[in-house]
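Q: pasted the sequence and its predicted model underneath.
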Amino acid sequence: MRRIGLAQLIVMGLASYLIYIMSNHLVKDEETKLYQSYLKTANQGVSRMLSDVQMSAINRVDEIQDHLGEPDCLTDIMRRIVETNPRIRSCGLSFVDNYFPKKGHWFCPYAVRPDSGAVETRIVGDAHQDYLKAEWFLEALAADSAYWSKPFFDAADSVTPLTAFIVPIHDKKGKTVAILGADLKLDMIKGHELGGIDYNGDSVKLYIGDNQPSDGDINSVDVIDEDLWKERGFRLFSYNFIIDSDGTFIAHPDRNIILKKNYFELAKSTKDTIDDHIGRQMAAGKNGTYLDERGRIAHFDFFDQDMTNSYVFFSHIAHTTWSIGLVVPRFMIDGFALGIGIAFLFLIGLGLLAGRIVGRFVIKRMVRPLSKLADSANEVAKGNFNAPLPTIKHNDEIKLLRDSFMGMQQSLTDYIGELKETTASKAAIENELKVAHDIQMSMLPKTFPPYPERDDVDIYGTLTPAKDVGGDLFDFYIRDEKLFFCIGDVSGKGVPASLVMAMARSLFRNVSLHVSEPNVIVKALNAAVAESNETNMFVTLFLGVLDLKTGVLQYCNAGHNSPLLLDEKVRTLACDANVPIGVIDEWSFSRQEIQLDKPATIFLFTDGLNEAEDHIHAQFGDQRIIQVAESQVAKGLNEPAVVVSEMAQAVHHFVNGAEQSDDLTMLAIKYIPNNG
């Protein structure tokens, strides 16, 4: 029960955590979308305001062009433009030099709505206010198209930030004769279209809509519109700003920044370059926000929030070079998402806890019969296979388990009986294999050195079967001062191979007692093996006859590995390509011959050496065999026992405990000429 309870707690914990993470992400995504919608709304509001000013100016162009010959009427048109659109602070029509000769070089009908509210008109332009040389006027003439000017301070008070919608006026010949400028007060954009905060040091004062704070008490928080507060709540701590393509602040909660500070200069105050990157994106007229390496919306230390971790969203304002940004402190999104996530987590935790209590009671009642079944299982585990099982009245899964256990109990009884019979049979087979192994090993030379009385020859050999019995063989003996020797490998392993091995060894002894030519001996063995080879087994065999008096070595190789000859160096004994014994009945085997004039060691082996594999099935290979032999020659240690021992040690180190896959046989014969 404790384990079940622990498992329930783990599952509940994981489920709660996953739900918390999911709810946190969902709420965060929704909050992000909400702020993006606020940004879109603010952008649309600014666009509508700019569009209203544009249309008010453009709609008067035809009227102005119709009255170009009536300069006194133009002032009244300027007044009506300002009166009919409360968003327009002032409007002027600046004519080119001396357009009206009677009016002088300068003529600019101008209307303005001062703070008192009543629209005033006048004619501006003189030597002190020479708009003809002003940069904005010259640029407008050169552009000859409508556009929004770069923001500027009102020439009258050098304090009020303005921007103007510039429209060229043409005469009937299409020549630009005047520039119409409708001025929009940037404070109006800030106050009317953007909700946010006005701040000074650590003190903040909230403002909503047109109720922008003035120079009043900034030490208190003033929520003007309660309905808006209920709708947006603490999100009012976020704010918007607008910059031009060169980074100049056009709108911002802090009046001291507008047209006086540059975004990119302020961004240099941060250690990272994220602020600069966002500024470049805004200046390029792009929409978006800052994304991390995974493409997710991310927060960073924003310079305009006293390095507070914030999210920044931005979008381009259509038909302008402006871009609007929305700064949202991190706690306003993450904090809200965290609160919702914790609330979800708490409710889920309560539900899971109640479920665990109810589940514990139900499970405890349901599994009570299992304890009785466990007692019976313990008896069976002790060997009492006839132990009685409890009676289950309920027709449920526990009864199915009890019935299955009863079937298993009977199966165990039957299996134990069969296992005893199998074990006895296997023991008998293993005993017979041991006897076969002993018989096979007794057929091979096992006394080394075999001829201690001779000083012209020394021999050493080993055979390590992969199974209890194997198919490798080696043999040698001396007749008429000639050393007859062979090494072979029967295809396959186990008992069948060992039987063929015994037959091949016996044939070698019997035939070589009467014949001295190695190819004739091999031909006789081939005929005998092929005659009754219904299992298609074959034997690779190397057979040699060494004349101990003359040092002449005659040999025949029937598909076996070529031996190595170790004297002053190591070389592979050249062998003709003959087929293995038992493959083709009438094959004519070739005989080869070599003269041994100086002490030399012949090293013979089966493919269990060069094809020995390690754990990753890499093979020992012929090259490693040659390297070990060369090492022995270099040390002057080419005695048969030493060569075989070093080779066995090298292959054992290579396979590093991997299971032996084939029989391994090595035979080394050292010949020392009498004149040597």
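A: That came in fine, so what should we check first? Numbering: from 1, shown residues only.
Q: all helices of the stretch 351-500 of the chain, in order?
A: In the stretch 351-500 of the chain, helices defined by DSSP state H, counting those that start in this stretch lie at 368-381, 397-443, 494-512, listed in chain order.
Q: any weak-confidence spans in the stretch 1-150 of the chain?
A: Within the stretch 1-150 of the chain, the stretches with pLDDT under 70 are 1-9, 12, 16, 20, 23.
Q: that one: strands as residue ranges?
A: Ranges of strands within the stretch 1-150 of the chain are 88-95, 108-112, 120-124, 147-148, based on DSSP state E, counting those that start in this stretch.
Q: measure the closest residue to Val643 other than its chain neighbours to Pro445 for me?
A: Nearest residue to Val643 in three dimensions, chain neighbours excluded: Ala668, at 4.8 Å (C-beta to C-beta, 6 or more residues apart in numbering). Just so you know, the C-beta spots here come from the backbone N, C-alpha and C atoms, and that holds for glycine as well. From Ala668 across to Pro445, the span is 12 Å (C-beta to C-beta, to the nearest Å).
Q: neighbour count for the two, which is higher?
A: Neighbour totals were compared for Ala668 and Pro445, and Ala668 leads with 27 against 16 (other C-beta atoms under 10 Å).
Q: list the beta-bridge partners for that one.
A: When bridges are called by DSSP bridges, Ala668 pairs up with Tyr460, Phe603.
Q: hang on, the earlier thing: what's the overlap in contacts for Ala668 and Pro445?
A: Ile459, Gly461 (C-beta atoms under 8 Å, 6 or more residues apart in numbering).
Q: and the residue positioned nearest the centre of the chain, helix, strand or coil?
A: With distances taken as C-alpha atoms, centre = their mean, the residue of the chain nearest its centroid is Arg294 (12.6 Å). Classification of Arg294 using DSSP: H, G, I helix; E, B strand; the rest coil returns coil.
Q: can you give the domain ranges for this structure?
A: For the chain, the structural domains run 19-348, 444-671, going by automatic domain parsing.
Q: now the terminal residues of the first one, how far apart.
A: To tie it back to what came earlier, the one meant is domain 19-348. 8 Å (C-alpha to C-alpha, to the nearest Å).
Q: show me the contacts for Ile581.
A: With contact set as C-beta under 8 Å, 6+ apart, Ile581 has these partners: 488, 504, 522, 525-526, 529-530, 538-541, 558-559.
Q: now do the SS call for the residue nearest to Val61 when sequence neighbours are not counted.
A: Nearest non-adjacent residue to Val61, counting by C-beta to C-beta, 6+ apart: Val167, 6.0 Å away. Following three-state DSSP, Val167 is assigned to strand.
Q: tell me the spacing between Val167 and Asn59.
A: Noted for Val167: a distance of 10 Å to Asn59, by C-beta to C-beta.
Q: with Phe153 instead?
A: For Phe153, the distance to Asn59 equals 28 Å [C-beta to C-beta].
Q: tell me which of those two has more neighbours.
A: A direct count of neighbours by other C-beta under 10 Å for Phe153 and Asn59 places Phe153 higher, at 15 against 12.
Q: next up, the contacts around that one.
A: Counting by C-beta under 8 Å, 6+ apart, Phe153 makes contact with Val159, Thr160, Pro161, Leu162, Leu259.
Q: next: Leu573.
A: Contact partners of Leu573, counting by C-beta under 8 Å, 6+ apart, are Tyr555, Ser562, Pro563, Leu564, Leu565, Ile594, Ile602.
Q: which strand residues bridge the first one?
A: What that stands for is Tyr555. Applying DSSP bridges to Tyr555, the residues it is bridged with are Gly544, Gln592.
Q: isn't it up against Leu541?
A: No - using C-beta atoms under 8 Å, Tyr555 is not in contact with Leu541; the gap is 10.6 Å.
Q: so between these two, which is more surrounded?
A: Comparing Tyr555 with Leu541 by other C-beta under 10 Å, the one with more neighbours is Leu541, at 29 against 24.
Q: I'd guess the more buried one is in a strand, am I close?
A: Yes - counting by three-state DSSP, Leu541 is part of a strand.
Q: and the gap between it and Gly582?
A: Counting by C-beta to C-beta, the gap from Leu541 to Gly582 is 10 Å.
Q: mind checking how far Lys420 is from Phe603?
A: Look at Lys420 and Phe603: by C-beta to C-beta, they are 50 Å apart.
Q: in the stretch 101-250 of the chain, which spans are helices?
A: Under the criterion DSSP H, counting those that start in this stretch, the stretch 101-250 of the chain contains helices at 135-143, 186-188, 226-232.
Q: by contact count, what packs against the longest one?
A: Applying 3 or more C-beta pairs under 8 Å, 6 or more residues apart in numbering; DSSP states H and E, one finds that helix 135-143 makes contact with strand 161-170, strand 176-185.
Q: pipe these into CSV and attach mean neighbour count and mean pLDDT per row.
A: Output for the helices and strands packed on helix 135-143, formatted as CSV (neighbours: other C-beta atoms under 10 Å; pLDDT from 0 to 100):
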stretch, mean neighbour count, mean pLDDT
strand 161-170, 21, 92
strand 176-185, 23, 92
